[in-house]
Structures are given as structure tokens and as C-alpha cells.
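*Asks:* Below is the structure, and that's it, no one-letter string:
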């Protein structure tokens, strides 16, 4: 069931979203060759707790960390570890903060040192596909309108749109209805209503869009690198408000 948020709930979710956004900005400062994802996880964890929230991901379904740290061909859900990042890697950081019982959820992909042009293009297209996805979206639009706009933009550049992982509603639960695919047809899917809150999160591959899901481990089938960009958004009568 899709949950419509009250104005009071939305005020709390704005704060959760702000903490989530600022956590990513804090982590970004430390991303460089030689740092470990376990170190980045501690930075994120400490920042969230310092701001009177709790990490949404920690122990969620058994997940062992406060961030997902997905390097190169890992699409999502990467476990932080002690392997140092290398020059030329790309890393997707996905994080959530729960404030007064409500979640924010957001992801970004970052370059580690200098990366080649095609990897940078992948990051840029993935980010822009989010903004293309929400263009013209407001109460009365359908989920498929977002999905088709993301897919059309990504595929124009020859990249792959992951089918097996999707965006979702956000609220008291980290994952709520509806599912928000990054591919599909305009005019289909649930109607978006005022005060709905959803996470739109394009996951894009440099090669084939097929992925292998082995428990938490999610990787591209062909070994190509992947990027991820996500924000939690509020549906309004006239458009969307990005909460993260």
C-alpha cells in the first residue's frame, strides 16, 4: 500500500534528508587513493550519529554496515572492507539516515583520483538521468513517466539501465511501495499523488545491463563498471522537492 505523508511527517523527512545529503558531502571529502571503504563507513556512521540520527542501513536485513560502498563492477550493496581504493576506481556510496523514525536515502558515484573520460561520462550520465527522470513530474504523473525518461536518456549514450534493482517509496520504512523502475513506458504504473515520498535511483552500467545477484553481492555480468545516483523526492502539486 502506498503511504501518503502528512505535512508533519514531511517536515521530519526534510531533516532526515538533510542529514543524509550532508553525510555524503562529508564522505566525499575523504575519497582518494589509499583510503579504505571501512574508513569511509566510520566517517559516515559517526556523522549520522552526531546529528541525532541513526544509520538506516546498519543491520537492515542483516546488512553489516552504515553505508553501501560499491567499487567498479559492484552495482549496489557493497560491503565496506579494508582494501584500499586505487587511482582510477569509481565508487558508489549509498547511505540512509533515520531521524525521529523517518528515513532519507541517497547515493552518489565518485571518482577515485583521476579516471578516464568514459568512466566520467558514465558518472555524469547517471547523475543527469535522475534529473531527466523527474522533469515535468508532479501529482497526477505516473511512475512510468519517471522510468521512461531515465531509460531514454541513459540509452541515448549507449549505457545500460539495470532492470533487476529499482527505486522505492520511503518513509517510516526504508523501502515502501511503490517500486520505481528505471526503465519502462510513460503513462503506466501507479499515479503519483501529493505528499508521496519516493527514492528515484538510476543504476547504470557501462556495458550490458544484466547483473548477478548473489546475496548482498550485486555485480555486472560482463564485469563492466557501474554508477548509481539516488535522491529521496517529495511529490507536490506543481513538481517535486528533492529532500536529499
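*Replies:* Arrived safely, thanks for sending. Quantities reported herein were computed from a predicted structural model and do not represent experimental measurements.
*Asks:* contacts for the biggest helix by length in the chain?
*Replies:* Longest helix of the chain, by residue count under DSSP state H: helix 7-28. For helix 7-28, the external contacting residues (C-beta atoms under 8 Å, 6 or more residues apart in numbering) are 5, 40, 43-44, 47-48, 51, 53, 67, 93, 95-108, 110, 170-171, 195, 197, 232, 234, 242-244. Where C-beta positions appear, they are placed from N, C-alpha and C, glycine not excepted.
*Asks:* Quick check on residue 227: phi, psi?
*Replies:* Main-chain torsions, residue 227, degrees, to the nearest 10: phi -130, psi 160.
*Asks:* How about the one 10 residues further on?
*Replies:* When read as degrees, to the nearest 10, the backbone of residue 237 gives phi -70, psi -30.
*Asks:* That one touches residue 192, doesn't it?
*Replies:* No. The criterion here is C-beta atoms under 8 Å, and residue 237 misses it with residue 192 at 10.8 Å.
*Asks:* Rounded mean pLDDT for stretch 151-169, please.
*Replies:* For stretch 151-169, the mean pLDDT works out to 98.
*Asks:* From one end of that stretch to the other, what's the distance?
*Replies:* 19 Å (C-alpha to C-alpha, to the nearest Å).
*Asks:* Distance from it to the middle of the chain?
*Replies:* With C-alpha atoms, centre = their mean, to the nearest Å as the basis, stretch 151-169 stands 13 Å off its chain's centre.
*Asks:* And stretch 132-146, by the same measure?
*Replies:* Relative to its chain's centre, stretch 132-146 lies at 17 Å (C-alpha atoms, centre = their mean).
*Asks:* By neighbour count, which bits of it are buried? Give me those.
*Replies:* 132-134, 137, 139, 141-146 (16 or more other C-beta atoms under 10 Å).
*Asks:* Stretch 107-124 too?
*Replies:* 107-112, 115, 119, 121-123.
*Asks:* cool, stretch 166-186 as well?
*Replies:* Buried residues in stretch 166-186, counted by 16+ other C-beta under 10 Å: 166-171, 174-176, 178, 180-184.
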